[in-house]
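K.L.:
show me the folded form of this:
(one chain, ligands or ions: 2)
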Amino acid sequence: MEAITPFHHLNPPFRQNSLTKKSPRNSSTLFSLLRVAETQVSDSLPLLSSSCLNGYHEANSLYSVKLRHAQMVKMAKDKNSDARMQSLVTSYLNSGDFRSAVMVFLVGFEQNYVFWNVFLQDLKSLGGDPFEILEVFCELHNKRVVFDSRILAVILKICATLNNSLLGMEVHACLIKRGLDIYEYSRCALMNFYGKCWGIQYVDQVFDEMPDRGVLLWNEAVLVNFRNERWVEALQSFRDMKFSYVKANSFTLAKVIQACGKLKALDLGKQIHGYVIRFTLDSNVLICNSLTTMYTRNSNLELARAVFDLMENRSISSWNSIISSYTALGSLNDAWKLFYDMETCNMKPDFVTWNCLLSGHFHRGLYREVLVLLQRMQAAGFKPNSSSITTILQAISELSLLNFGKEVHCYVIRYGLDCDVYVGTSLIDMYVKNYNLIYAQAVFHSMKNRHIFAWNSLISGYSFKGQFEDAIKLLNRMENEGIKPDLVTYNSLVSGYSMWGWNEKALSMIHRIKVSGLTPNVVTWTALISGCAQKGNFRDALEFSIQMQKDGIKPNSATMASLLQACAGMSSLQKGKEIHCLGIRNELAEDPFAATALIDMYTKCGSLESAYEVFRRIQDKTLPSWNCMIMGFALYSRGKEAISLFNEMREAGIKPDSITFTALLSACKHSGLIDEGWKYFDSMKVDYNIFPTIEHYSCMVDLLGRAGYLDEAWDFIQTMPIEPDSTVWGALLGSCRVHKNLELAEIAAKNLFKLEPHNPANYVLMMNLYATLNRWEELEDMRELLEVKVGKIGKVWSWIQINHTSHLFSAKGKAHPDEGEIYFELYQLVSEMKNLGYIPDVKCVFQSIDRVEKEKVLLAHTEKLAVMYGLLKTGSSAPIRVIKNTRVCSDCHTFAKYASLMKCRDILLKDGVRFHHFREGKCSCNDFW
Ligand SMILES: [Zn+2]
Ligand SMILES: [Zn+2]
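P.N.:
Ligands and ions are numbered 1, 2, ... in the order given. Modelled structure (predicted):
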């Protein structure tokens, strides 16, 4: 609908007084107004002189308004009296005497809907409360003021807006009693009221009871459905209307077209378009704008554009419709082109245009551009309104720019936008997402009217932070204040509980949802599952997915991703395949999001081939799916394949991001491709304007170090523009161990002990190096340091899955039931290996015992036992998959190489650091790990 200019805008001087706020009310006003009501009936008073009319413009104080009112009471009614009454209402509003304004409004003159809309708008914008209208109405009604049918229709409309179902019924009774319900506009108002307050079935009843139905009533029947978002019924009423040979007015027609958009009913929309052309309504701007929107909602930009291009007269809304079509569906470039076309057509972009562009950029993920646009908008003379602010706050949340968010908050307060529920809610959301719950709370408590979103946002903030007591308190308070929590409210609690590992509580929350009469949906279950997966409760995640299916809920791609994350976390290829099947059954296997999770799962569970197969099947490969596959090749040291995939990706027109380069550089690192590594490291800045992060630097240090260029790696660290972190020093230390460089290793270790004093891996690496160099004293010192800083090293374990059963081999835990058999076979295998040249690497044992004892210790390493058990218990050609929680030692690594050669078996070993794929006596890691 086009905006209606408030009538007081025609009288600007009154507007200037709008800041003179509320003045005390008194009962004398009521008294004088009742006299107005009486005079309206008698209606025979002298004329108003023109000098008095001019006097209105100077009058501003409440006193002078009343004086003027008194004069008017004495005047006779003429053709100007309505205009005088309107300006009197405006004066009362501007001087803050809302009560008197309402009284004059209700009894002063003949209203129509335009007046009432404007009146309500003004009342609200000046801080008045619409409830007051009803209060005054009741008071006058009790004093037996007789209202005409038009006022009663207006009151019904206010009852509908304010949800006052009882007063509305009273008005209905009054209409019937006085026989006023015969007017079409009264009936329309009744239908609207029943639709809003009593449910749509009553509307049908009111409609059916009408003996003769005119155009207005039919149109209302369509519109009531529309207002209640019953699109299908709206279209049905429209059909009934056509069969009754009643012509729809252009407003109704526009709404019906919009319903086709909402329903994505393209064919029906086209039919109505035909109807529009037949009745030559295609010059109606309102209808054309609806057609544009309808085609856009049906994802048909071409037709939307065609309608726009054929329009003779375009309003600003027409331009905004087509621009918003482009921002929603097509390219932002086209939107901008239209934006500039507007200027050539002498059309000035308005708030809506700017807000379209803002939200268009936001929805494309161009958050920084949103902020740039904000500056442009302000430069063009527009002060951001509540809708712009909402988009800007969302962009700020995404960018985590807390300080900027605070600035916007100041702006909001300065321009009084903090009364807007959406702005308030976005502010809460922004603070919650920036982990500033104190501010979020403050905003929440200062809000007068709180939308359910505001409650939900703060509750989710609390539960995300683990402040469940506060969250529950707020939930209970919400219910006490009569706001019914919805699924979003409960889901955020389910998610919070499971993320913090409180699965029982999460389940009881699901129970509470059911008790409240709602049905837990896929989001609820996914919240539970994903929380478990993130917390590392992988088995629970899979368990809950079974419960979810029992509840008849189908998984979506997010559920799949969390389940696959759990499978990857457990390195359970078997479970991973089961989830893959679940995905296929629910037609999710080719969803780019789920497919990327599948690639990740397969690479982490040791099946690169399956990962690649999934990747090839994705129709529209997204950037994350390319990144994930490149990373997969990197993990398996298939550097060449990673690089050729990168080239393929560029040819497909996909722009790489920072993660792509991390994947590429780690591919170079795992495959020792030094030149390529340097090439990509330089190229990311020069060709793609991506600045290297700490991950990229640490890849480079690793790449140089592994290849033996330790001095270069050291120089590289010295010249880094950012402070090296533990990953950089860890990369250097790892390389120093391989290349036996004690000097640099000690520097790296010193830094590591400072940065992460409780990580046992660093101490073990140093002990390893000291052992290699026969420095037993230093080794003992290191062991002592380890015990002081870390305590005893946690459990070391390996496990293997055979026929759906997991077999755990723990260094200090319970012995495996088949231990005797395993050791027997292991002795034999090792002695055969020795014949082929295997020499046990006793440097891996940090105890001062003799060589024979050391060999015995080596034999008991958990990964050897797991591999041996796999060789014993699995079929002849199946690959053996073993998972170990810490880094594999060099002796076990050599052992696995020999085993793969002698038994002609692929052995996949995932240790705490990476993958080793042993085949025919070689390992995919090229002996660097
Ligand atoms: Zn070992
Ligand atoms: Zn290896």
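
K.L.:
what kind of secondary structure is residue 77 in?
P.N.:
Three-state call for residue 77 (DSSP: H, G, I helix; E, B strand; the rest coil): coil.

K.L.:
next, it: phi, psi?
P.N.:
phi -80, psi 130 (degrees, to the nearest 10).

K.L.:
count the residues that sit near it.
P.N.:
When neighbours are counted by other C-beta atoms under 10 Å, residue 77 registers 17. All C-beta spots, glycine's among them, are computed from the backbone N, C-alpha and C.

K.L.:
give me the below-cutoff pLDDT ranges for the stretch 201-350 of the chain.
P.N.:
For the stretch 201-350 of the chain, the stretches with pLDDT under 70 are 330.

K.L.:
let me see the contact set for the closest residue to ligand 1 within it.
P.N.:
Ranking the residues of the stretch 201-350 of the chain by distance to ligand 1 (C-beta to the ion) places residue 332 first, at 56.6 Å. When the contact criterion is C-beta atoms under 8 Å, 6 or more residues apart in numbering, the partners of residue 332 are 326, 357, 360, 361, 364, 366.

K.L.:
pLDDT at the second one, what is it?
P.N.:
Okay, so that is residue 357. Residue 357 carries a pLDDT score of 91 in this model.

K.L.:
and if you look at the third one?
P.N.:
Per-residue confidence (pLDDT) for residue 360: 90.

K.L.:
the one 4 residues further on now?
P.N.:
Model confidence at residue 364, expressed as pLDDT, equals 85.

K.L.:
could you do residue 926 as well?
P.N.:
pLDDT at residue 926 comes out at 77.

K.L.:
what sits against the nearest residue to it once chain neighbours are set aside?
P.N.:
Of all residues not flanking residue 926 in the chain, residue 637 sits nearest, at 6.2 Å (C-beta to C-beta, 6 or more residues apart in numbering). By C-beta under 8 Å, 6+ apart, residue 637 lies in contact with 670, 671, 924, 925, 926.

K.L.:
now, of those, which are buried?
P.N.:
670, 671, 924, 925 (16 or more other C-beta atoms under 10 Å).

K.L.:
double-check that the first one belongs to a helix.
P.N.:
Yes - counting by three-state DSSP, one finds residue 670 located in a helix.

K.L.:
can you give me the first-to-last residue distance of stretch 738-745?
P.N.:
Taking C-alpha to C-alpha, to the nearest Å, stretch 738-745 runs 10 Å from one end to the other.

K.L.:
nope, stretch 747-766 is what I was after
P.N.:
Start-to-end, stretch 747-766 (C-alpha to C-alpha) is 11 Å.

K.L.:
from the chain's centre, how far out does that stretch sit?
P.N.:
Mean-position distance between stretch 747-766 and its chain equals 39 Å (C-alpha atoms, centre = their mean, to the nearest Å).

K.L.:
stretch 93-113 now?
P.N.:
44 Å.

K.L.:
now the residue in the stretch 251-400 of the chain that ligand 1 sits nearest to, nearest residue through space, not along the chain?
P.N.:
Residue of the stretch 251-400 of the chain nearest ligand 1, by C-beta to the ion: residue 400 (43.3 Å). Using C-beta to C-beta, 6+ apart and skipping the chain neighbours, the partner closest in space to residue 400 is residue 434 (5.8 Å).

K.L.:
so where do the strands sit in this structure?
P.N.:
Under the criterion DSSP state E, strands of the chain are mapped to 797-802, 805-810, 880-884, 907-910, 915-919, 922-923.

K.L.:
parallel or antiparallel, list what pairs with the shortest one.
P.N.:
What it means is strand 922-923. Using DSSP bridges, strand 922-923 pairs in its sheet with strand 915-919 (antiparallel).

K.L.:
same check, this time on the fourth one
P.N.:
Here the strand partners of strand 907-910, with direction, are listed using DSSP bridges: strand 880-884 (parallel), strand 915-919 (antiparallel).

K.L.:
right, is the last one up against ligand 1?
P.N.:
Spelled out, that is strand 915-919. No - Strand 915-919 does not reach ligand 1 (C-beta under 5 Å from the ion); its nearest approach is 12.0 Å.

K.L.:
and that strand, does that touch ligand 2?
P.N.:
Yes - using C-beta under 5 Å from the ion, strand 915-919 reaches ligand 2 at residue 916.

K.L.:
how about that strand: buried residues?
P.N.:
915, 916, 917, 918, 919.

K.L.:
if we take those, which one ends up nearest to residue 823?
P.N.:
residue 918 (21.5 Å; C-beta to C-beta).

K.L.:
run the chain-centre distance for stretch 854-868.
P.N.:
49 Å.

K.L.:
circling back: I'd guessed the residue nearest to residue 400 sits against residue 399; true?
P.N.:
No - contact criterion C-beta atoms under 8 Å: residue 434 and residue 399 do not qualify, at 9.8 Å.

K.L.:
more neighbours: the two, which one.
P.N.:
Shown here are residue 434 and residue 399; by other C-beta under 10 Å, residue 434 has more neighbours (19 against 15).

K.L.:
residues from this structure in reach of ligand 2?
P.N.:
916, 923, 925.

K.L.:
on that earlier part again, format the strands of the chain as CSV; extra columns: distance to residue 489 and mean pLDDT.
P.N.:
Shown next, in CSV, are these (distance: least, C-beta to C-beta, whole Å; pLDDT from 0 to 100):
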stretch, distance to residue 489, mean pLDDT
strand 797-802, 40, 83
strand 805-810, 39, 83
strand 880-884, 40, 86
strand 907-910, 40, 88
strand 915-919, 43, 86
strand 922-923, 52, 89
